[in-house]
Every structure is written in C-alpha cells, then in structure tokens.
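Q: make a model of this:
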Amino acid sequence: MKISQKDRIINYIREFGSISSWEAYSDLGITQLGARIDQLKKEGYMFVTEWETGKNRYGEPTMYKRYKLADIVAENMQHIPQI
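A: Coordinates of the predicted model:
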C-alpha cells in the first residue's frame, strides 16, 4: 500500500516535531508542502506556523515557514502551570 504525501507529512512531524519545505523536499520528496498543509487543515488538522530565517546557497538571508501540529505543541506545554 502506498503512503500518501499527507500521511508522510503527519508521520514526519510526529517523529521529528516539525517540518519545513526544505525538509519535506529533501527527506520526503514533497515539493508543495504548503498545498498539502492546506489539504490537511481542511481535513481537520491544526498547525502552529513559525517563520524562521536562514541563508540560501548564495549566503543571502531568506525566510521560510516551519509547521508543527497544534496537538503536539499543546501536549508539550502541559507541564507549564496555568496563571
């Protein structure tokens, strides 16, 4: 049975905590991460998005999104007392 790109993305985030477009491309062979994330949102998944900065191959600054599953973020925040 073939695993869908959406399932690969969810499995990757559950294993590594988050995913960026570069990781989706280099590790999973997925070139349109944003489109797959939009599909997953329509299926009920909720994401936390963070902007990160880096440098491209020419040393120029660049920005990209990193996606995390909201339920994983919530689980990791439970140890923090509510005020």
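Q: what's across from the closest residue to Tyr67 other than its chain neighbours in the sheet?
A: In space, not counting the residues next to it along the chain, Tyr67 is nearest to Phe47; the distance is 5.0 Å by C-beta to C-beta, 6 or more residues apart in numbering. Just so you know, the C-beta spots here come from the backbone N, C-alpha and C atoms, and that holds for glycine as well. Beta-bridge pairing of Phe47, defined through DSSP bridges, involves Leu69.
Q: what pLDDT does Phe47 get?
A: Predicted confidence (pLDDT) for Phe47: 96.
Q: equivalent analysis for Leu69, please.
A: At Leu69, the model reports a pLDDT of 95.
Q: thinking it is in contact with Thr49, fair?
A: No - using C-beta atoms under 8 Å, Leu69 makes no contact with Thr49, being 11.1 Å away.
Q: of these two, which one has the most company?
A: Taking neighbours as other C-beta atoms under 10 Å, Leu69 and Thr49 compare with Leu69 leading, 20 against 11.
Q: mind listing what the more buried one touches?
A: Residues touching Leu69, when contacts are defined by C-beta atoms under 8 Å, 6 or more residues apart in numbering, comprise 10, 13-14, 45-48.
Q: show the model's pLDDT score for Asn76.
A: The predicted local confidence for Asn76 comes out at a pLDDT of 53.
Q: which SSE is the residue nearest to Leu28 when sequence neighbours are not counted in?
A: By the measure of C-beta to C-beta, 6+ apart, the closest residue to Leu28 outside its immediate chain neighbours is Arg8, 5.0 Å from it. Element membership for Arg8 (DSSP states H and E) is helix 5-16.
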